[in-house]
Each structure stands twice: as structure tokens, then as C-alpha cells.
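Enquirer: Here is my input; please provide its structure:
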Amino acid sequence: MKRAILFCLMAGTLLLAAGCGGTADNKQNMAEETSGTSTVAGDSSSTADEILTAPESTSTGSASDSTAAASDSTSAAPENSPVSVTEGTEEYRGFLMDNVLHSENDGDIHYHLYVPDSYDGSEPYAIFFTLPGYEGLYFQGVGENLYSENFAFTAQEYNPKMIVVAPQLSDWGETSADQTIALVEYFLANYNIDEDKVYAEGFSGGGETMSLVMEKRPELFTAYLQCSSQWDGDYEPVAESRTPVYLAVGEKERESYRKTCLDEKGDEEQKNRPAGHTAEPSVDSGATAQACAPCLAMDAKGYVNDFLLQSSSRCWSILFRREAIGEIRFPEGLSIGEDLLFMARLMPRLNRVLVTGACGYCYFINEEGAMLKGFRPSYMDQITCWEMAERELAGFGKEAQEKVRLCLFQAALLVAGKLALLDPDVVRQNYGTCLERCVRAAAEAWKELG
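Expert: As a prediction, this is how the structure comes out:
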């Protein structure tokens, strides 16, 4: 079953981009500055095999009436359908606001609607449903989902022949899930919709709702995007329907989680820290002392499990003792992951690692870096480096092995995501073996995770 889920996710990265009729431009300003730390030194009693590291701080159109029949402000649904619609009267950025679908089974369902001016019902259009987070729920105020989130407006840029529906529901549970399904069914029955281009996105609480929708009726959708949310539904129906799902979590969310863990470890958990972890006073080393904060001292195994395999595989923001590095060098032939392999090979040589939360390192994201570029064959190094790291870290216990396999699984999905941004025909003709390797690597890692 888990393998079926895996293939569903992998297929999603390919079909989601292809179905939208194009790729998205990366509009983020990547020249943002993040800060981290690095200071070193160690007292005279420290061993040579130690390092000190720290976390980096790191076209609108107008809405139109496209229902099959209308009378005054209420549109009638087809015969035998226990629903009707009261249309809104105000517009915002091309959306007709606060329409209400009156469902005999699911009550009143509020939504905002964008219909391209070109839509006249003569040809099938794509459709996109966007469910908001907590701040955009109906009790927060009419239109708060559109005022606080941009998913609905960004969707308009993907396909000029796409209707956008922004439901404004009341919770993130079963009630809203059932109302979402009723709304989707209403549009499929009342508008000329291309059933091969029915998309949905859920953010935060909206993602929880949509995960329940995907459990109940995955066959309604061509693809689904879940952003910054947890999955509350059952995976099995999604896998059986083979509906592509793409899960997105932001880099800052991962970093925030890592810093939270570091803070917790530095406070309450310090009292009952397992063997190999001890409290360490602030390191005083001349000019670096001011940048230092109280440190956590741990052995290499603790660092591998708590930091290296928790989104801290980089070697910048770390100062190393020359004696600890010895003859260890970056591996040749890798364009991605060479720092991970360097750290993995260094770990068995270390007796002690000091970690501080002080900020003293500035890092600028390289806009020309490989991680921000489109797919190219060398991007497969993302998988290669984790396969090599698994061998290098084999002696650090079961927990480390499981975390490496999870990282390998994630790496395979990331590479597949790059492939998804290419034209499907290009992938089939030029990168079929790359996609097969993504699927194989993820499947094997998932199987080993149990």
C-alpha cells in the first residue's frame, strides 16, 4: 500500500505541472539574507576531534454569470439537483464575492468565483479550487481568504482558460470536506469543465480539509497541491485512484522547527540528556567570545541524529579544528551534496561537537545555484549523495539509518519535482531513465522504512 502511495506522489510531480498548461516563473526574491553563526575554539582541555557549529538565522478579468439558467439573484441548478445558488453582488480583483450554494444535504456553502471573460460555455475550461488556512475561514470575515492569501490570483497566471473557485468554509474537518465535495460536484454539473483539468490546493487548515476530501472523492481531481499542512485523511483511496498529490513545505518552516528543537534541547532537556550529551559553558576565544552563546556539547552520534540528519547537512557556518579534518576532502564528481559527504566522512573522527545558538554568520542565497535551476542530469546527484551518505553513516545506529533513508526518499521526490516542471514529452524522450531512478530510489527507501 505504501508503495502505491509512493507511485501516486511521484506521478503527481509530473502530471501537476503538465496539466496546468505551463510552468511557473520563480518570482521569489532569492537574494534574501539569512544569518547563522560560526565561532570556534575550544579550551585547552578539548580534544583535537571537535568542531563548533550553529544554526543560520536564516490578469484579472471580471466575474461573469456562467450558470445554465438564472432568475434574479438566484441561479437554479439542474433538475433533480437539491441545490440552488445565490450570487454575490460585489467584486474584488475580478472575483464575484460571497456566492452561496444552498445544498439540501450540506447547508449553505460560501465561495468567491472568478470566471474568465472568454468563457461562454462553448468549450471546456479548467477549474481550480483553493481552500484557505485558518485566517481565511468564513467566521474571520467575508473575503478574508482572498485578502490574506494569493493562491487564487497566482492560479490565474497558469491558464487563461481556467475558472477559479475560492470556498470560504467554517472549519477544517468533515463538514467542510463534505461541503467542498458538494461545491466541486455543482461546478462539474453546471459549467463546461474539462474533467482532465480539475485542480485543487489547500493551505494549512485548508490542506487538512482537502486531505479529507481526497480520502472521500479523489477521483474528482486531476491533481492536488497541499501546502504547509498535515494530512488528516486516509492515503489508501488516493493511492488506489492514482490521483497525483504534491506536498510543499517551506524552507523557513523546516528551519524554524530545527531552531525550536535546539531551544528545547538547550533548556529542559539538558537536565536529562542521554549519554554523550553534556552542558557546556560559553566558549571564550578572544574576538569570537562576543558571538558565542551557551553551547550544547555532544558526541558525534548525537550530532548526526539531532543535527546533520535534521536539515543541517551543510558545512558552512561551522568552524573546524584542522586536526579533526585530517585528510578528509570534498568528494570529486558531485555538483550537489558534496558538503553532506564531507560531513558524513568526518563524523567517525570526532569525539565532541559543540553547537551554539549565537548568530554571527551571513549567508546569501545564490540565485545561480544548482538547487534553484531547472532539471539537468547532474541534479541526480541529489539522490547519489544520500545513497553514499547511507554507507558512510552506517555505523551510527538504527535511528541514523532511518533518517538517512527518509532523506533519500525526500531527495527522490525533489528530483521528480524538477522533472515535473519539464514538458512530459521531453521527460519521456530524454530523461526517462532519470525518472525511473527517482521512482526506484524512493520505492526502495520507503520499503526499508517499513
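Enquirer: Longest strand of the chain, counting residues only.
Expert: strand 193-203 (DSSP state E).
Enquirer: Tell me the bridge partners for Phe95.
Expert: Tyr92 (DSSP bridges).
Enquirer: Okay, it and Leu137: tell me how far apart.
Expert: 17 Å (Cβ to Cβ, to the nearest Å). C-beta here means a position set from N, CA and C on the backbone, and glycine is covered the same way.
Enquirer: between those two, who's got more neighbours?
Expert: Phe95 (27 against 22; other Cβ atoms under 10 Å).
Enquirer: Just confirm that one contacts Tyr111, I think it does.
Expert: No - between Phe95 and Tyr111 there is no contact under Cβ atoms under 8 Å: 9.5 Å.
Enquirer: joint contacts of the two?
Expert: Residues touching both Phe95 and Tyr111 (Cβ atoms under 8 Å, 6 or more residues apart in numbering) are Ala166.
Enquirer: Pull out the buried residues from stretch 118-132.
Expert: Neighbour counts over stretch 118-132 (16 or more other Cβ atoms under 10 Å) mark 119, 125-132 as buried.
Enquirer: Show the contacting residues for the residue lying closest to Ala394 once chain neighbours are set aside.
Expert: Ranked by Cβ to Cβ, 6 or more residues apart in numbering and with sequence neighbours excluded, the top spatial neighbour of Ala394 is Gln401, at 7.0 Å. Applying Cβ under 8 Å, 6+ apart to Gln401 gives the contacts 390, 393-394.
Enquirer: Go through the chain and flag its longest helix.
Expert: helix 398-420 (DSSP state H).
Enquirer: Just checking, which helix or strand succeeds that one along the chain?
Expert: Next helix or strand after helix 398-420 toward the C-terminus (DSSP states H and E): helix 424-430.
Enquirer: want to throw the contacts of Gln401 into CSV with secondary structure?
Expert: CSV is the format used below for the contacts of Gln401 (DSSP: H, G, I helix; E, B strand; the rest coil):
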residue, secondary structure
Glu390, helix
Leu393, coil
Ala394, helix
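Enquirer: Name the residues of the helix or strand where Val100 lies that are buried.
Expert: Per DSSP H and E, Val100 falls inside strand 95-103. Of the residues in strand 95-103, 95-101, 103 count as buried by neighbour count, 16+ other Cβ under 10 Å.
Enquirer: Pull the residues that contact that strand.
Expert: 63, 82-91, 108-115, 142-143, 146, 152, 164, 166, 168, 179, 182-183, 186.
Enquirer: Quick one: work out the angle between the helix or strand in which Arg345 is found and helix 398-420.
Expert: Element membership for Arg345 (DSSP H and E) is helix 338-346. Angular relation of helix 338-346 and helix 398-420 on a 0 to 180 degree scale: 170 degrees, by axes from the mean of the first three to the mean of the last three Cα atoms, to 10 degrees.
Enquirer: returning to that earlier point: now go through the contacts of strand 95-103 and say which are in helices.
Expert: 146, 152, 179, 182-183, 186.
Enquirer: Need the max-distance pair from those residues.
Expert: Pairwise distances across these (Cβ to Cβ) peak at 20.9 Å, for the pair Leu146 and Ala182.
Enquirer: show me where pLDDT drops low in the protein?
Expert: The model of the chain has pLDDT under 70 over residues 1-82, 251-294, 358-372.
Enquirer: Buried by neighbour count: which residues of stretch 172-190 qualify?
Expert: 172, 176-184, 186-187, 190.
Enquirer: Let me know the closest of the residues you listed to Gly206.
Expert: Closest to Gly206, out of all of the buried residues of stretch 172-190 and judged by Cβ to Cβ, is Trp172, at 6.9 Å.
Enquirer: Please, where are all the helices along the chain?
Expert: 2-19, 144-148, 151-156, 174-190, 205-216, 236-241, 251-266, 300-303, 322-325, 338-346, 381-392, 398-420, 424-430, 432-448.
Enquirer: Give me the helices and strands touching the fifth one, please.
Expert: It stands for helix 205-216. Packing partners of helix 205-216 (3 or more Cβ pairs under 8 Å, 6 or more residues apart in numbering; DSSP states H and E): strand 125-131, helix 174-190, strand 193-203, strand 223-227, helix 236-241.
Enquirer: just checking, Asn145 touches Tyr111?
Expert: No - with contact defined as Cβ under 8 Å, Asn145 does not count as touching Tyr111 (9.4 Å).
Enquirer: Can you check which residues contact both of these two?
Expert: Going by Cβ under 8 Å, 6+ apart, residues that sit against Asn145 and also against Tyr111 are 166, 168.
Enquirer: Any of the contacts of strand 95-103 buried? List them.
Expert: Using 16+ other Cβ under 10 Å, the buried members of those are 63, 83-88, 109-115, 142-143, 146, 152, 164, 166, 168, 179, 182-183, 186.
Enquirer: and the gap between the residue nearest to Ser204 when sequence neighbours are not counted and Phe151?
Expert: Once flanking residues are discounted, Ser204 sits nearest to Gly133: 3.1 Å by Cβ to Cβ, 6+ apart. Distance of Gly133 to Phe151, given as Cβ to Cβ: 10 Å.
Enquirer: what sits in contact with each of the two?
Expert: By Cβ under 8 Å, 6+ apart, Gly133 and Phe151 have these common neighbours: Phe203.
Enquirer: who are the neighbours in contact with Phe409?
Expert: 441-442, 445-446, 449.
Enquirer: check contacts around Gly450.
Expert: Contacts for Gly450 (Cβ under 8 Å, 6+ apart) come out as none.
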